[in-house]
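Peer 1: Based on what follows, work out the 3D shape:
(2 chains)
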Amino acid sequence: MVQLVGSLRKELADSLSTCKVLVVGAGGIGCELLKNLVLTGFKNIEVIDLDTIDVSNLNRQFLFQKKHVGKSKAQVAKESALQFCPSANITAYHDSIMNPDYNVEFFRKFMLVMNALDNRAARNHVNRMCLAADIPLIESGTAGYLGQVTVIKKGMTECYECQPKPTQKTFPGCTIRNTPSEPIHCIVWAKYLFNQLFGEEDADQEVSPDTADPEAAWNPEETAARATASEKDGDIKRISTKEWARSTGYDPCQTLQQDDIMYLLTMDKLWKKRKAPTPLDWQQLENSMCPQEETPVSGLKDQQVLGVWGYCQLFQHSVETLRSQLQEKGEGAELAWDKDDPPAMDFVTAAANLRMHIFSMNMKSRFDVKSMAGNIIPAIATTNAVIAGLIVLEGLKILSGELESCRTLQASCFLSCKHLSPLRLHI
Amino acid sequence: MIDMIEREDPVISEEEAAQYDRQIRLWGLDAQKRLRGSRVLLAGLGGLGAEVAKNLILAGVKGLTLLDHEQVSEESCRAQFLVPVTAQGQNRAQASLERAQNLNPMVEVHADTDRIEDKPDDFFLQFDAVCLTGCSRDLMVRVDQLCSQRNIRVFCGDVYGYYGYMFCNLGQEHNYVEEKPKVVKPTGDSNDGPEAKKARVDPNETTMVKKTASFCTLKEALEVDWTTEKAKASLKRTPVDYFLLHVMLKFRTDKGRDPDPQSFAADSQLLRQIRDDVLESLAVSSDLLNDDFISYCFSEMSPVCAVMGGVLGQEVVKALSQRDAPHRNYFFFDGRKGNGMVDYFGPN
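Peer 2: Numbers count the residues shown, from 1 in each chain, chains lettered A, B, ... in the order given. Predicted coordinates:
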């Protein structure tokens, strides 16, 4: 005779109340998942997240309110969940799952591990731990309207790393330094420039023209010479951009937007099939500028595209601010670029746009630049809700011993038949 | 709807821009403004209702009215996350109000404790969309009738154990836009970069394509005639869930409630009987829906509520923002299989 506890068979309901599960991540998927687990009848849940709450999380991470901004996600998620289920036994860790404290022994405590992560490194790590501990893992991810849930069980399914995943897109140095053709190239260049001037210098992030560009060669001998020279990376004159920047008193405009461009123009083969860049003449711009009328802002301020002079001013202003920030920090200090740090974001917006202008591209708003520079993945509550629901349903199958019926579920049809081209999908 | 944007304050505040950032990056500022101007009625604050409420409040509608005459039972405390555990005996809408409002202080959330059956026609006319959960078939047909005549979008949805469904009627002429990648034609002086001399699809540049969809009434959708040759032929491709829905609606009409785990034996028996009666009255084979579903359609299962609430919530958002193709006109979810599907029922 079938006995039910709510919707569930009694045997299943009983096993839920005794088993221990781990939720890795308390963000978009994590909040929804915690809620589902608790309402479904799971009694022993541990949740881990290294992050703190940001205002941009509040459109979907519903266990958090404005007053919680800055606090630990795992901690607040636990407290909110206990509000509607005080009898649940929830342990929260404000920590990274990659901390060696969470060893194989730790993972063996659980009957089931569920990932609610947003980066590949952590996913790879948890995958290996679950394989080592031989614990079933439910992997998942969302981006915009798309989402996916996959069950991973040693000996029964592929693991997370079995299939090669697409690597993050990178661009060749000469594209960034000599021949940008898309806004993203200019944005990457601007981020490199930030590091060269204010942050940790990286030899792979040079911004000056690349004289060893093989494409710039006119004859085979020259190509060979350039190819071998590219080992050393053809910098012009400067030993280090940071040193040079300090010596010029951080007035890079003349050099970056005029001299360097003029140098690029001398590498004439590059411009045989491409539109050549036009150097920026600040003096001329400044003189020809008429005062701009205040146009009423009906949209987001950040979605406005300023004129060239506007970006010149933004560039100068942000350089000034960043220079003082660096000075305040003292000798040997460095700044780390952060999309949520306004002057850092202003700097990249301005520098990238000026470069776009020089290379005849339509300029982009701060809003758009931020998306690209900050690798922002658009996110909504509903996709996460659907995916978290599917995760629990797969979890129930696992706990009922129905592993064979588990499979990869994709939620794209549930929400939209539109195919979004994701910016940087880490699924 | 378009007029509404002009009447409303066109400026998005700093607070809204910061909070809605990640969704504005997905559906755009115009869509967010339309949501901001919309008022929605949500009937039924059970498991599914709570999920829909959460999703619509987070999306940033102008106002959401929670309508429910039921009282909080011991089971409701476990079923949804808006009702405090101490709220037993209180009205369900009232008890859900505080937590619902805290999800997003920028939305006007109201609680209404009346019976939906007692509401006069013009009550519904103040809303841009109406979402009915836990309602009887007759009530839904009545509300659908009067709303679709006034261009008010109607949504219905329920969760029965592992199964869930949603229906929508967006009127005879629902206009919306779809974002498609732009095909860039090469021109002499294109400003899209030095390599613009060749035509290419730039996924970063998109264009909005206008579309229209038409919907039938709930009455038409439920009263499909299965005796015609055409209908009989289509039965093979018809999701069984549609007939399951009929069974569950009949149970609700006959018993005034949904199957209760506390009376499992008696309700199972009744479900079997109703299944036989319904299939016979629709003139379809009795093999179509076997006994299997019976022990899986009790109570509202939380993860199924989450899935259905997500789909239903997103359909409301799409319809109000007039962006992206709506599900036309049913979405069924089978939580045992993990399958979801969209299908159309009604006249062509």
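Peer 1: Shouldn't A:Val126 be within a helix?
Peer 2: Yes: going by DSSP: H, G, I helix; E, B strand; the rest coil, the assignment for A:Val126 places it inside a helix.
Peer 1: was I right about it contacting A:Leu137?
Peer 2: Yes: A contact is recorded between A:Val126 and A:Leu137 when judged using CB atoms under 8 Å, the distance being 6.6 Å. Using the backbone N, CA and C atoms, a C-beta is placed for each residue, glycine as well.
Peer 1: overlap in contacts of those two?
Peer 2: A:Val113, A:Asn115 (CB atoms under 8 Å, 6 or more residues apart in numbering or on different chains).
Peer 1: right, is stretch B:164-181 up against chain A?
Peer 2: Yes: for a cut-off given as CB under 8 Å from any CB of the partner chain, stretch B:164-181 has contacts with chain A, namely B:Glu178, B:Glu179, B:Pro181.
Peer 1: In strands, which of these appear?
Peer 2: For the residues of stretch B:164-181 next to chain A, the ones inside strands are B:Glu178, B:Glu179, B:Pro181, with DSSP state E as the criterion.
Peer 1: of the residues you listed, buried ones?
Peer 2: A residue is treated as buried here by neighbour count (16 or more other CB atoms under 10 Å in any protein chain shown); on that basis the buried members of those are B:Glu178.
Peer 1: how about JSON lines for the ones in strands among the residues of stretch B:164-181 next to chain A, with pLDDT added?
Peer 2: As requested, these are exported to JSON lines (pLDDT from 0 to 100):
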{"residue": "B:Glu178", "pLDDT": "92"}
{"residue": "B:Glu179", "pLDDT": "86"}
{"residue": "B:Pro181", "pLDDT": "82"}
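Peer 1: nearest to B:Phe155, of the ones in strands among the residues of stretch B:164-181 next to chain A?
Peer 2: Using CB to CB, B:Glu178 comes nearest to B:Phe155 of these, at 20.5 Å.
Peer 1: what sits against the closest residue to that closest one other than its chain neighbours?
Peer 2: On the basis of CB to CB, 6 or more residues apart in numbering or on different chains, the spatially nearest residue to B:Glu178 that is not a chain neighbour turns out to be B:Val209, at 5.0 Å. Contacts here follow CB under 8 Å, 6+ apart; on that basis B:Val209 touches B:Val177, B:Glu178, B:Glu179, B:Lys180.
Peer 1: how does it look with 10 Å?
Peer 2: If you count contacts by CB atoms under 10 Å, 6 or more residues apart in numbering or on different chains, B:Val209 has them with B:Tyr176, B:Val177, B:Glu178, B:Glu179, B:Lys180.
Peer 1: Same check on A:Asn57?
Peer 2: Residues in contact with A:Asn57 (CB under 10 Å, 6+ apart) are A:27-28, A:31, A:51, A:63-64, A:68-69, A:73, A:379, B:19, B:21-22.
Peer 1: Now for residue 316, how many residues are close by?
Peer 2: No chain specified, so I'll use chain A. Neighbouring residues of A:Gln316 were enumerated by other CB atoms under 10 Å in any protein chain shown; the total is 14.
Peer 1: could you do chain B instead?
Peer 2: That count, for B:Val316 with other CB under 10 Å as the rule, works out to 29.
Peer 1: Report pLDDT for it.
Peer 2: Looking at B:Val316, its pLDDT stands at 98.
Peer 1: quick one: the helices in the stretch 51-200 of chain A?
Peer 2: Secondary structure of the stretch 51-200 of chain A, counting by DSSP state H, counting those that start in this stretch: helices at A:73-84, A:104-108, A:120-133, A:173-177, A:183-198.
Peer 1: could I get the ones in strands among the residues of stretch B:164-181 next to chain A as TSV with distance to B:Leu82?
Peer 2: Converted to TSV, these look like this (distance: CB to CB, whole Å):
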residue	distance to B:Leu82
B:Glu178	34
B:Glu179	33
B:Pro181	40
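Peer 1: out of the ones in strands among the residues of stretch B:164-181 next to chain A, which one sits closest to B:Gly335?
Peer 2: For these, the residue nearest B:Gly335 by CB to CB is B:Glu178; the value is 29.8 Å.
Peer 1: my read: that closest one touches B:Thr212, true?
Peer 2: No: if you go by CB atoms under 10 Å, B:Glu178 and B:Thr212 don't touch, sitting 11.3 Å apart.
Peer 1: returning to what we had before: what's the most buried one of the helices of the stretch 51-200 of chain A?
Peer 2: Mean neighbour count, computed with mean count of other CB atoms under 10 Å in any protein chain shown, is highest for helix A:183-198 among the helices of the stretch 51-200 of chain A, reaching a mean of 23.
Peer 1: Point out the other helices and strands that that one packs with.
Peer 2: helix A:173-177, helix A:241-247, helix A:308-329, helix A:342-358, helix A:366-373 (3 or more CB pairs under 10 Å, 6 or more residues apart in numbering or on different chains; DSSP states H and E).
Peer 1: What average pLDDT does that helix get?
Peer 2: Confidence over helix A:183-198, taken as the mean pLDDT, stands at 94.
Peer 1: Please export the C-alpha coordinates of that helix as CSV.
Peer 2: Coordinates of the C-alpha atoms in helix A:183-198 are reproduced here as CSV (Å, rounded to 0.1, in the frame of the first residue of the first chain):
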residue,chain,number,x,y,z
PRO,A,183,35.5,46.7,-30.1
ILE,A,184,36.6,43.7,-28.0
HIS,A,185,40.2,44.1,-29.2
CYS,A,186,40.2,47.7,-28.1
ILE,A,187,38.8,46.8,-24.7
VAL,A,188,41.4,44.1,-24.1
TRP,A,189,44.0,46.6,-25.1
ALA,A,190,42.6,49.1,-22.6
LYS,A,191,42.7,46.6,-19.8
TYR,A,192,46.3,45.8,-20.7
LEU,A,193,47.1,49.5,-20.6
PHE,A,194,45.5,49.7,-17.1
ASN,A,195,47.9,47.0,-15.9
GLN,A,196,50.9,48.6,-17.6
LEU,A,197,50.2,51.9,-16.0
PHE,A,198,48.8,51.1,-12.6
